[in-house]
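Visitor: below is the structure, and that's it, no one-letter string:
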């Protein structure tokens with residue numbers, strides 16, 4: 001065999017060897033492209049507020065009617081936490097953890113703009129709402145002896161037990177329980193202006209606004225953590241009827257007034 005033939009055979013053998021060593025590896029440019037595509041696909045879409053980019057699993061899990069009606073102990077649940085001073089006016093108040101975390105962020109942002117937010121009411125159980133309701137039921141007995149008239153009077157600002165959004169650990173009352181204090185010239189005028197402008201950035205909406213055809217009167221102090229309260233409202237709508245509202249004085253008026261439809265569901269569009 002001559003020298004030229006040997007050289008040709010040697011070159012061919014070398015090429016085959018190199019090819020076999022690299023056959024199982026993708027070129028670096030392809031690997032980099034795949035990784036980049038995966039990273040891009042996993043990124044959250046632009047333009048969505050940080051509070052809405054991810055939803056904790058607890059938001060999506062169905063709850064039972066006892067939860068929807070407030071017949072449970074928040075302190076016994078792992079998804080509730082206490083929220084106290086300086087965010088609240090007294091210790092021991094309970095909220096769903098997601099709502100509490102969002103409020104603390106909102107509280108801090110407001111504080112930096114010299115706006116003071118203070119929770120004065122948070123989670124209320126069925127028993128607590130019953131105490132409020134029956135206290136008013138007794139006080140109004142002489143003024144409104146007709147049960148339906150009396151119930152409607154209480155329903156101007158107070159929910160029947162089993163229909164309050166405060167049962168869910170998603171809703172809070174802030175600073176005061178009187179609308180004039182949040183209006184022009186009131187001591188909390190700046191608070192309400194700030195909330196209207198910024199509360200939605202932290203997931204909060206005002207369920208009881210002016211101009212609704214049904215439901216409670218306007219409450220400028222009442223705010224709801226929508227990422228949780230919206231899906232809970234859908235579950236409430238699907239599972240709770242007026243006939244389930246029992247165990248308190250005046251309960252028989254619920255169906256006549258259509259409390260679930262007109263009050264529990266009679267909220268602002270922002271909170272639906």
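Guide: Sure, I can see it. Predicted model, so just to flag it, every value in this text is computed and none were measured. Numbering: from 1, shown residues only.
Visitor: show me where the stretch 101-250 of the chain has helices.
Guide: Ranges of helices in the stretch 101-250 of the chain, per DSSP state H, counting those that start in this stretch, are 126-139, 147-154, 189-198, 226-239.
Visitor: I'd like those as JSON lines, with mean pLDDT and distance to residue 81 appended.
Guide: For the C-beta atoms, the positions are set from N, CA and C on the backbone; glycine is no exception. Converted to JSON lines, these look like this (pLDDT from 0 to 100; distance: least, Cβ to Cβ, whole Å):
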{"stretch": "helix 126-139", "mean pLDDT": "98", "distance to residue 81": "18"}
{"stretch": "helix 147-154", "mean pLDDT": "98", "distance to residue 81": "31"}
{"stretch": "helix 189-198", "mean pLDDT": "98", "distance to residue 81": "22"}
{"stretch": "helix 226-239", "mean pLDDT": "97", "distance to residue 81": "13"}
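Visitor: please name whichever of those is nearest to residue 254.
Guide: helix 147-154 (7.9 Å; Cβ to Cβ).
Visitor: report the buried residues of the closest one.
Guide: 147, 150-151, 153-154 (16 or more other Cβ atoms under 10 Å).
Visitor: swap in stretch 111-123?
Guide: Residues 115, 117-119, 121-123 are the ones in stretch 111-123 that count as buried (16+ other Cβ under 10 Å).
Visitor: how close does residue 171 get to residue 115?
Guide: Counting by Cβ to Cβ, to the nearest Å, the gap from residue 171 to residue 115 is 20 Å.
Visitor: check residue 186 too.
Guide: 14 Å.
Visitor: swap in residue 161?
Guide: 33 Å.
Visitor: what does residue 98 give?
Guide: Distance from residue 98 to residue 115, by Cβ to Cβ: 22 Å.
Visitor: try residue 61
Guide: From residue 61 to residue 115 the distance is 34 Å (Cβ to Cβ).
Visitor: ok, residue 146 next?
Guide: With the distance defined as Cβ to Cβ, residue 146 ends up 44 Å from residue 115.
Visitor: again, but for residue 124
Guide: Counting by Cβ to Cβ - residue 124 and residue 115 are separated by 25 Å.
Visitor: what does residue 135 give?
Guide: 33 Å.
Visitor: kindly report the same for residue 80.
Guide: With Cβ to Cβ as the criterion, residue 80 and residue 115 are 27 Å apart.
Visitor: and what of residue 130?
Guide: 34 Å.
Visitor: quick check: closest non-adjacent residue to residue 210.
Guide: residue 218 (4.5 Å; Cβ to Cβ, 6 or more residues apart in numbering).
Visitor: that neighbour against residue 207, yeah?
Guide: No - the criterion here is Cβ atoms under 8 Å, and residue 218 misses it with residue 207 at 10.1 Å.
Visitor: and the two? which has more neighbours close in?
Guide: residue 207 (22 against 17; other Cβ atoms under 10 Å).
Visitor: show me the contacts for that one.
Guide: Contacts for residue 207 were tallied using Cβ atoms under 8 Å, 6 or more residues apart in numbering; they are 165, 171, 219, 222-224, 229, 267-268, 271.
Visitor: and if we set it to 7 Å?
Guide: 165, 222, 224, 267-268, 271 (Cβ atoms under 7 Å, 6 or more residues apart in numbering).
Visitor: so what's residue 126 closest to, chain neighbours aside?
Guide: Using Cβ to Cβ, 6+ apart, the nearest residue to residue 126 is residue 70, at 3.9 Å.
Visitor: which residue ranges make up each domain of the chain?
Guide: 3-42, 65-271 (automatic domain parsing).
Visitor: just say which of those is most tucked in.
Guide: domain 65-271 (a mean of 18; mean count of other Cβ atoms under 10 Å).
Visitor: measure that domain end to end?
Guide: 21 Å (Cα to Cα, to the nearest Å).
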